[in-house]
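Enquirer: Below are the sequence and a predicted model; questions follow.
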Amino acid sequence: MSPRFGLTVILLLVVSSPAVNATIRMVRNFLQLDQTVQTRTSTSEAIQYVSPHGQDSNDGLSWGAAKLTLVAAYDALPSRGGAVYFTDGARANAVPGAGIWIMGSTDPHYSNPQRGWRRMKSGSVSFIGIPKDNYGPNAHMGRALIVNGGSSADINHPGIWISGVNTPLYFSNLNIGATGRGIVIGEDSNHNRLYGTGSSSGLTFFNVTANPNATVGLGPPWDITGGSFWIWMEHCGGTGLDQVNTPTANNAAAVLVDGGGLNHSVGLVYIEDFNASSGGIKYISGSVGSGSLVVRRLNTEGQHGPAAVWFVPNASGAQVDYALVEDVNVADSIGTGCNGTVCVVENDGAGPADNIVVADVSTSGAPLKGPMMVLGGAFGLGGNNSSVTASFFRNGFRGVIGNKLIGTTDAARRGFPPTDVRFANLAGTSPPSWTLTGNGPKLKTGVDAPDGTTGAGRLSSTGPAGAAFYFSNQTLSAGDWLIAGTWFRSNSRNGYSRGNPLQIGVSGCKLTFSYGDPIYRAPYFGDGEWEWGYDAVKVATVSSGICTLQWTGFSDSKHVSDFYGPVFFRIPAGSVSDNEAVEIASNLQSYNSSCAVGTICGLPGQTLSQTFLIPDNGTPFANANLTLGPGWGDGAVVSGARGSAQRFTFTATANGGGIAGNPKMAIIFPNAWPVMPIFSCKQVGGTGALTIISGENTANKINMTLTFNGTPASGSTYIFACEGE
């Protein structure tokens, strides 16, 4: 209706009945609607509108002249970019099976884009939906559905596909319907997922969900690869396909962050307030580059797969460099791969634990698994820890869990106190006993050690070289533990050879290890301070031969390293539990290679100096521990016995008939000695004459027999004192 026609209507009705007022209001509202529809933006404002009732032949500058497809609106934006607004049911692309597909200059078809593709603008482009309905999973904000975006029949036609883009793209308030894959980032138009052609950055998704067609072989809803980075996903969601695909497969996840194979790591990915169902977030580390992931406030529901957040090392063993996971909740899970349920967080890498920080997770009975730094949460392993056999430390957890500090500290071992010797130290304590290997190794002895002695050794070399603290053959069995530790420092103050100065080496046989938690590397080069490093590995299989084992420290032409107090031992299979073996390794202290098992022992050159040293006396020495022979008389008595098995005194009184020369005194120690003792005994008083005592050489771990070399006088007392060591 034109303004002139509207005015004519009003003039004709002005003289009518009271119903005129209602008619006037109706006309006024119609005129206002007509004015809104007819309002257009300027092309300089770089705004386009898309509606399911529009036409791509329209200029797209208003809702009344909206375009039909988002890519047509994208084409109408200036080269510098702009914004595309669209309503529920808007179409993505006029090309069947195509979606919002945007490529940058590194894509192989950039010079001649394939059908459905668009080149990126020189500036930012925003796609903003006008919500009408809720699209899950578990939506907490409205979203606009995009139709005719991608194909539901295969994975080669996703709804959104970003390749080689490095200018900002922003997607908001939208849902990708039933496609083979929902949103693909970093895969080029030839489906190459390696870094270089499809790698993209600077992408933001706000309130965006993807829900692929639930068909075997399709998925995932979110697929990020190609070494892409700087990707933000806020208030988003996705429905994984672990109910139809193998739950551990890449296409089963709700979000796949893929650096697998020889690919670069994907990094600087931020996922916050994400709702997932039938799948979690799977992060596969790349072989090159630094990868990182931050997940905050994640909810998963009905999941079959291993973990809500799952970190998987690539084929070379590389793992995520940094990850932060906060506030994760697993609800109504169906999977059983992690202690009978779905893990909240699982790390299949070997550590170190502080690469992945997990804070305030809500486990709802689901556990954590693998090396990670845990800060709070529901006990870290889940609400039902009574069914968990592996200790926190053995699981690879570090941090504060269940009000317990899990980690290692050098505070005790830096004091270098004597320690209990549970296993014989096979490593050579003295540097001259070490075996030198490699290119031009030189070993300097008499080097200042961290305990104030000069027992350390300094290894330098013209090339890669080692000093083997232990180098010998061992016949190993499956289930054996190999545990080693030593003090080390960078004398050259520039780090360490190979970035890691220590290793348990094996040659001459083939082994697989079922556990390993090396804590070698200082987190910095330092300025020449001493650090403690250790290794603990459990033998899984021994396929052939006698093993030649080495516990070795390394250097090269640029890195000079000092070592002190190495320890190495083997714990035979079944001797201790796995939890206990890990505790032994993490609390290990240096002790001399000459220390006997069962003793309290330290390192050479150390001196124990105290004003008083009072041992634990054990069971006191008493009168009953001594028996006088018949030569003391048939009325002889023992009195005043006191002391311990190590040092004691007693009084013998000769009396009665039968007193004879050289009578015996049989002593049974109140506590058995751990070693064969050496005793010194003498008469120290009494009313009888001082007489020589002999027989200390008869002492064994249990008893000894002394001889009084003379004839005691009847009625006289004789006081004796003995001291053993």
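Expert: Received the coordinates, thanks.

Enquirer: Do a quick rundown of the strands in the stretch 201-350 of the chain.
Expert: 201-210, 222-224, 229-234, 237-239, 255-258, 267-277, 281-284, 292-301, 307-312, 322-331, 343-347 (DSSP state E, counting those that start in this stretch).

Enquirer: same thing with the stretch 551-700 of the chain?
Expert: Going by DSSP E, counting those that start in this stretch, the stretch 551-700 of the chain shows strands at 561-571, 600-601, 626-628, 637-643, 647-653, 664-668, 679-685, 693-694.

Enquirer: rewinding a little: what's the closest of the strands of the stretch 201-350 of the chain to Tyr496?
Expert: strand 322-331 (21.8 Å; Cβ to Cβ). C-beta coordinates here come from the backbone N, C-alpha and C atoms, glycine included.

Enquirer: The closest one versus strand 292-301: what angle between them?
Expert: Comparing the axes of strand 322-331 and strand 292-301 via axes from the mean of the first three to the mean of the last three Cα atoms, to 10 degrees yields an angle of 0 degrees.

Enquirer: how far does strand 322-331 sit from the chain's center?
Expert: Computed by Cα atoms, centre = their mean, to the nearest Å, the separation of strand 322-331 from the middle of its chain amounts to 13 Å.

Enquirer: cool, and stretch 677-691?
Expert: With Cα atoms, centre = their mean, you get 65 Å for stretch 677-691.

Enquirer: Stretch 140-159: end-to-end distance?
Expert: Using Cα to Cα, to the nearest Å, the end-to-end distance of stretch 140-159 comes to 22 Å.

Enquirer: State the mean pLDDT of it.
Expert: Per-residue pLDDT values over stretch 140-159 give a mean of 93.

Enquirer: cool, stretch 561-581 as well?
Expert: Taken as a whole, stretch 561-581 carries a mean pLDDT of 94.

Enquirer: Also stretch 612-628?
Expert: Per-residue scores along stretch 612-628 average to 87.

Enquirer: Tell me the buried residues in that stretch?
Expert: 617, 621, 625-626, 628 (16 or more other Cβ atoms under 10 Å).

Enquirer: how about the CA coordinates for that stretch, as PDB?
Expert: Provided in PDB are the C-alpha atoms of stretch 612-628 (Å, rounded to 0.1, in the frame of the first residue of the first chain):
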ATOM      1  CA  PHE A 612      74.100 -37.600  72.800                       C
ATOM      2  CA  LEU A 613      72.900 -40.500  70.600                       C
ATOM      3  CA  ILE A 614      70.300 -42.500  72.400                       C
ATOM      4  CA  PRO A 615      69.100 -45.500  70.400                       C
ATOM      5  CA  ASP A 616      65.700 -47.200  70.700                       C
ATOM      6  CA  ASN A 617      66.600 -49.800  73.400                       C
ATOM      7  CA  GLY A 618      63.800 -52.200  72.600                       C
ATOM      8  CA  THR A 619      63.100 -54.800  75.400                       C
ATOM      9  CA  PRO A 620      65.200 -53.800  78.500                       C
ATOM     10  CA  PHE A 621      67.900 -56.000  79.700                       C
ATOM     11  CA  ALA A 622      66.800 -57.700  82.900                       C
ATOM     12  CA  ASN A 623      68.100 -60.100  85.600                       C
ATOM     13  CA  ALA A 624      66.400 -63.000  83.700                       C
ATOM     14  CA  ASN A 625      68.600 -62.400  80.700                       C
ATOM     15  CA  LEU A 626      71.700 -63.700  82.700                       C
ATOM     16  CA  THR A 627      72.400 -67.100  84.200                       C
ATOM     17  CA  LEU A 628      75.400 -67.700  86.500                       C
END
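
Enquirer: List the contacts of it.
Expert: The contact list for stretch 612-628 (Cβ atoms under 8 Å, 6 or more residues apart in numbering) reads 636-646, 648, 650, 652, 663-671.

Enquirer: how long is stretch 451-471 end to end?
Expert: With Cα to Cα applied, stretch 451-471 spans 26 Å between its terminal residues.

Enquirer: Report the distance from it to the chain centre.
Expert: Stretch 451-471 sits 31 Å away from the centroid of its parent chain (Cα atoms, centre = their mean).

Enquirer: Of the buried residues of stretch 612-628, which is the nearest to Gly261?
Expert: Once Cβ to Cβ is applied, the member of the buried residues of stretch 612-628 that ends up nearest Gly261 is Asn617, at 67.6 Å.

Enquirer: re the thing from before, would you turn the strands of the stretch 201-350 of the chain into TSV with mean pLDDT?
Expert: Below are the strands of the stretch 201-350 of the chain laid out as TSV (pLDDT from 0 to 100):
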stretch	mean pLDDT
strand 201-210	97
strand 222-224	98
strand 229-234	98
strand 237-239	96
strand 255-258	97
strand 267-277	97
strand 281-284	97
strand 292-301	95
strand 307-312	94
strand 322-331	90
strand 343-347	89
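
Enquirer: and among the strands of the stretch 551-700 of the chain, the most buried is which?
Expert: Highest mean neighbour count of these: strand 561-571, a mean of 25 (counted as mean count of other Cβ atoms under 10 Å).

Enquirer: That strand pairs with which strands?
Expert: Strand 561-571 has these partner strands in its sheet, going by DSSP bridges: strand 456-460 (antiparallel), strand 481-490 (antiparallel).

Enquirer: what's the following helix or strand after the shortest one?
Expert: I take that to be strand 456-460. strand 465-474 (DSSP states H and E).

Enquirer: Number of residues surrounding Gln156?
Expert: Quick fix: residue 156 reads Asn, not Gln. Counted with other Cβ atoms under 10 Å, residues neighbouring Asn156 total 14.

Enquirer: helix/strand/coil for it?
Expert: When classified by DSSP: H, G, I helix; E, B strand; the rest coil, Asn156 comes out as coil.

Enquirer: could we number from 48 for the rest of this?
Expert: I'll keep to 48 as the first residue from here, and by that count the last item is Asn203.

Enquirer: show me the contacts for it.
Expert: 227, 238.

Enquirer: what do you get if the cut-off is 7 Å, keeping everything else the same?
Expert: By Cβ atoms under 7 Å, 6 or more residues apart in numbering, the contact set of Asn203 is His238.

Enquirer: next one: phi and psi at it?
Expert: Torsion angles at Asn203 (phi, psi; degrees, to the nearest 10) stand at phi -90, psi 0.

Enquirer: one step back: the strands paired with strand 608-618: which one's closest to Gly266?
Expert: Gly266 lies closest, by Cβ to Cβ, to one member of the strands paired with strand 608-618: strand 528-537, at 42.2 Å.

Enquirer: neighbouring contacts of whichever helix or strand comes after the closest one?
Expert: Going down the chain from strand 528-537, the next helix or strand is strand 549-554, by DSSP H and E. When contacts are defined by Cβ under 7 Å, 6+ apart, strand 549-554 is touched by residues 529, 531, 533, 535, 567, 580, 582, 584, 594-600.

Enquirer: ditto for stretch 457-465
Expert: The contact list for stretch 457-465 (Cβ under 7 Å, 6+ apart) reads 497-498, 579, 636, 647-650, 653.

Enquirer: quick revisit: need the strands of the stretch 598-747 of the chain in TSV (columns: distance to Arg540).
Expert: Shown next, in TSV, are these (distance: least, Cβ to Cβ, whole Å):
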stretch	distance to Arg540
strand 608-618	11
strand 647-648	33
strand 673-675	64
strand 684-690	55
strand 694-700	51
strand 711-715	60
strand 726-732	53
strand 740-741	62
